[in-house]
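**Q** Fold the stuff below for me.
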Amino acid sequence: MGGDACVVYHGASTCPEDFDAGSGSEPRWSWRSADELFEHAEDDHAAILVVDKAFLEQPDRLKTVAKHVVVVAADAEILRELGERADVSIVGLHDATARASVLDVARRLALTRQDAARLERDSARRDSEFRDLSRIGTALMHERNRSTLLELIVNQGKQLTESDGAGLLFLRHTERGEDELYAEKYQIDSLPHLGVPDITFAIDGKSIVGHAAFIKQPVVVDDVLKLPPDTTYVASEEFQRRFDYHARSMMAVPMLTQRGDVLGVLFFINRKSGPSAIIRTVEDADRYVLPYTDRQVRLALALASMAAVSIEASRLYDQIEHMLESFVKAAVSAVDARDPTTAGHSLRVAALTTALAEAVDRAGRGAYRDTRFTRAQMRELHYAALLHDLGKVTVREDVLTKAKKLPPLLWERVQARFALIRETIRLEHCARDDRDVADALKEVDSLLDVVREANEPSVFSAPRNAALEDIGRRTFRRADGSMSHYLAPDELRFLELARGTLDPGERAEIEGHVENTRRFLAQIPWTDDLKNLVTFAYGHHEKLNGTGYPRRLTGEDIPVQTRMITLADIFDALTEADRPYKPAVSPEAAIDILRSEANAGQLDGDLVEIMVDSRVYAGIVGTDWRRL
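**A** From the prediction side, this is the model:
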């Protein structure tokens, strides 16, 4: 039949001879039994159903007639039964020519409905394609992990083009100064265990993918074994031979940057008739493989364009990530350079903090049973822990590295004074020819030992030192006759420090590093996924009971990320032997101290117990920080 013909289905009471087909060599319709229409109800060709009185025996069948079918009422009783569903009526028409004219009207209506249905299908398909591409574009835009991104491109490409296989080839410059395509991602349904083959293609006209990259246009092949005589490219026989796989239809689409440069090639193998079809042999290809249509080419071009943008964005994101990582490392190195004795502290704290966060994520019990950290949150926490001491770059080195209570110059002055005291005593005893000079000098040495011991810092608060107070009250006569104390007031003030090596002024300077950390980090325009980094780093000296600094926050105002940095910071300070002002304690002793501070309401007891149970610190204590 011609393109303007349609099928007329009829019941048992209708005789096709009662309709005059009219003149012309090309029939305008063909007659078939109505049973065929109901058996193939899903068919959407131009169709007419002549409903006669035979349908009265099965009236329910009329309810199943598809909307595109033009219904012609041939009987008055049927016309009443059909109501508005009757599109055309031949009731009362007995002349064959008249009936044929009415049937011709029905034919034109059926063809119009067929065109409308086709347009509707095309529109629905385009809408579906648009939704698919929009969904894919959104997914590609938000995916930052390169491996996941490439996997997504290949998977979506296979679905859009109905292909058995798809892959990504990227352009690179060889040591010989030439360009070539190398495989980075392959996925073929019929070869589920296929990895990425070690295969390359020159950018020329000898291979399908190489030719696509060379001309910067899609290359579509219906059958790789039946290429036109003037074709310069061929399919890769090596691939088919190595993996025992028959390629039939292929499509290669270049991925171009915004500047029009070739980034790589997105290729597809064997468009197949059904998603479950397995294609390995020539026979399989004969049965299941279809050529790629303009629709698949159009979709592949759109996907290749989106893929190129996403891959470029991913590369830029990786470069930014690398720059950020380098900045963080440089900042940490700057802190370490100020105080080489504590080099590695920030790296150890970051390693312990992230390990503790992973343990919290796994715990599934207690106060943090529902706490989970995304990959982005873990990255944010890692950077916050690395940069928590950045503000120490502003602290004076003599304060930052102070190992004893007395500053080095004051200690030298004390030693020189005691040496002068010894000489004064020796001269006085010599003038009197006193034989007890040895006992006097021994006493001076013992007093210096007391001072030396008092100069050593204590981790815990030490009681008042009566012997030191007695030394502070002692005096001696100088050569000019003036009297001087064994210890000057500023020296005694340092020596009487109950804990650590810092006086209030020095401690305020050290504690100021937290505010400086916040000030430095707040000047950096962090991305949204790192927006909490400053807050986490800023609060690492806060305590849950409000006794910390600088803001005296209490528990509900301190994020769990900050609490973990605090724990890691204290644990490392206690266990590492690199602190010049105190000896290291064992991990067990450090845990006891953490538990004690948790019981006092300063630290998070749940986090301490997770840290103890998971023993995440075991792999960090004693490890060379350069390997973290």
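**Q** switch to C-alpha atoms for all contacts and neighbour counts from now on
**A** Noted.
**Q** In which helix or strand does residue 114 reside?
**A** Under the criterion of DSSP states H and E, residue 114 resides in helix 96-142.
**Q** so residue 48 sits in a strand?
**A** Yes. Judged by DSSP: H, G, I helix; E, B strand; the rest coil, residue 48 forms part of a strand.
**Q** Can you give me the distance of it to residue 112?
**A** 12 Å (Cα to Cα, to the nearest Å).
**Q** The two: which is more packed in?
**A** Neighbour tally, residue 48 and residue 112, criterion other Cα atoms under 10 Å: the higher count belongs to residue 48, 28 against 14.
**Q** in terms of contact, does the more buried one touch residue 8 like I think?
**A** Yes. At 4.6 Å, residue 48 and residue 8 qualify as touching, with contact defined as Cα atoms under 8 Å.
**Q** So for the helix holding residue 114, mean pLDDT?
**A** Here helix 96-142 scores 79 as its mean pLDDT.
**Q** And the next helix or strand past it?
**A** As assigned by DSSP H and E, the chain's next helix or strand after helix 96-142 is helix 146-161.
**Q** and that next one, how far out from the chain's middle?
**A** With Cα atoms, centre = their mean, to the nearest Å as the basis, helix 146-161 stands 17 Å off its chain's centre.
**Q** could you say what helices and strands it packs with?
**A** Counting contacts by 3 or more Cα pairs under 8 Å, 6 or more residues apart in numbering; DSSP states H and E, helix 146-161 packs against helix 96-142, strand 163-173, strand 179-188, strand 262-272, helix 294-338.
**Q** Can you tell me which of those is most buried?
**A** Each of the helices and strands packed on helix 146-161 was scored by mean neighbour count; the highest is strand 262-272, a mean of 26, by mean count of other Cα atoms under 10 Å.
**Q** ok, which stretches of this structure are strands?
**A** 6-10, 29-33, 47-51, 70-73, 88-89, 163-173, 179-188, 200-202, 219-221, 250-256, 262-272, 289-290, 475-477, 483-485 (DSSP state E).
**Q** Including distance to residue 143, could these go into TSV?
**A** Shown next, in TSV, are the strands of the chain (distance: least, Cα to Cα, whole Å):
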stretch	distance to residue 143
strand 6-10	51
strand 29-33	56
strand 47-51	49
strand 70-73	51
strand 88-89	57
strand 163-173	17
strand 179-188	16
strand 200-202	27
strand 219-221	28
strand 250-256	18
strand 262-272	18
strand 289-290	32
strand 475-477	76
strand 483-485	73
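**Q** and of those, who's closest to residue 238?
**A** Ranking the strands of the chain by proximity to residue 238 (Cα to Cα) places strand 200-202 first, at 11.1 Å.
**Q** Next, the buried residues of the closest one.
**A** Neighbour-count burial for strand 200-202 flags 201, 202 (criterion: 16 or more other Cα atoms under 10 Å).
**Q** Likewise for stretch 554-574?
**A** 554-555, 558, 560-574.
**Q** before we move on, the earlier item: format the helices and strands packed on helix 146-161 as TSV; extra columns: distance to residue 236.
**A** Listed next are the helices and strands packed on helix 146-161 as TSV, based on distance: least, Cα to Cα, whole Å:
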stretch	distance to residue 236
helix 96-142	30
strand 163-173	14
strand 179-188	13
strand 262-272	12
helix 294-338	21
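**Q** And these: which comes nearest residue 600?
**A** Each of the helices and strands packed on helix 146-161 has some distance to residue 600 by Cα to Cα; the shortest is helix 294-338, at 31.6 Å.
**Q** Can you name every helix or strand that the closest one contacts?
**A** In this structure, helix 294-338 makes packing contacts with helix 96-142, helix 146-161, strand 250-256, helix 375-386, judged by 3+ Cα pairs under 8 Å, 6+ apart.
**Q** hey, C-alpha coordinates of the shortest one in CSV?
**A** Extracted C-alpha coordinates of strand 250-256, given in CSV (Å, rounded to 0.1, in the frame of the first residue of the first chain):
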residue,chain,number,x,y,z
MET,A,250,30.6,1.4,15.9
MET,A,251,30.4,5.1,16.6
ALA,A,252,33.2,7.4,17.6
VAL,A,253,32.5,10.9,18.8
PRO,A,254,35.3,13.4,19.6
MET,A,255,35.2,15.3,22.9
LEU,A,256,36.2,18.9,22.2
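**Q** the helices in the stretch 451-600 of the chain, which residues?
**A** Secondary structure of the stretch 451-600 of the chain, counting by DSSP state H, counting those that start in this stretch: helices at 466-473, 489-495, 504-522, 533-538, 560-575, 587-599.
**Q** Compare those and give me the one nearest residue 605.
**A** Across those, residue 605 has its closest neighbour in helix 587-599 (5.0 Å, Cα to Cα).
**Q** angle of that closest one against helix 560-575?
**A** 140 degrees (axes from the mean of the first three to the mean of the last three Cα atoms, to 10 degrees).
**Q** Flag every buried residue along helix 587-599.
**A** Neighbour counts over helix 587-599 (16+ other Cα under 10 Å) mark 587, 590, 591, 594, 595, 597, 598 as buried.
**Q** before we move on, what about stretch 527-538?
**A** 530, 532, 533, 534, 535, 536, 537, 538.
**Q** Out of the helices and strands packed on helix 294-338, which is closest to residue 32?
**A** helix 96-142 (14.6 Å).
**Q** The closest one packs against which elements?
**A** Looks like helix 96-142 contacts strand 6-10, strand 47-51, strand 70-73, strand 88-89, helix 146-161, helix 294-338 (3+ Cα pairs under 8 Å, 6+ apart).
**Q** how far does that helix sit from the chain's center?
**A** Relative to its chain's centre, helix 96-142 lies at 42 Å (Cα atoms, centre = their mean).
**Q** about what we covered before: want to throw the helices of the stretch 451-600 of the chain into TSV with mean pLDDT and distance to residue 30?
**A** Conversion of those to TSV gives the following (pLDDT from 0 to 100; distance: least, Cα to Cα, whole Å):
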stretch	mean pLDDT	distance to residue 30
helix 466-473	92	122
helix 489-495	93	113
helix 504-522	89	81
helix 533-538	96	76
helix 560-575	95	78
helix 587-599	95	91
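**Q** could you dump those helices to CSV with distance to residue 92?
**A** Listed next are those as CSV, based on distance: least, Cα to Cα, whole Å:
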stretch, distance to residue 92
helix 466-473, 131
helix 489-495, 123
helix 504-522, 90
helix 533-538, 86
helix 560-575, 87
helix 587-599, 100
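**Q** Which one of the ones you listed lies nearest to residue 120?
**A** Among these, the nearest to residue 120 by Cα to Cα is helix 533-538 (52.5 Å).
**Q** what packs against the closest one?
**A** If you count contacts as 3+ Cα pairs under 8 Å, 6+ apart, helix 533-538 packs onto helix 375-386, helix 504-522, helix 560-575.
**Q** can I get these in CSV with distance to residue 448?
**A** CSV is the format used below for those (distance: least, Cα to Cα, whole Å):
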stretch, distance to residue 448
helix 375-386, 42
helix 504-522, 25
helix 560-575, 29
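**Q** These: which one's closest to residue 367?
**A** helix 560-575 (11.0 Å).
**Q** and the angle for the closest one with helix 375-386?
**A** Angle, helix 560-575 to helix 375-386, by the same axes, to 10 degrees: 40 degrees.
**Q** what's helix 560-575 packed up against?
**A** By 3+ Cα pairs under 8 Å, 6+ apart, helix 560-575 packs against helix 345-363, helix 533-538, helix 587-599.
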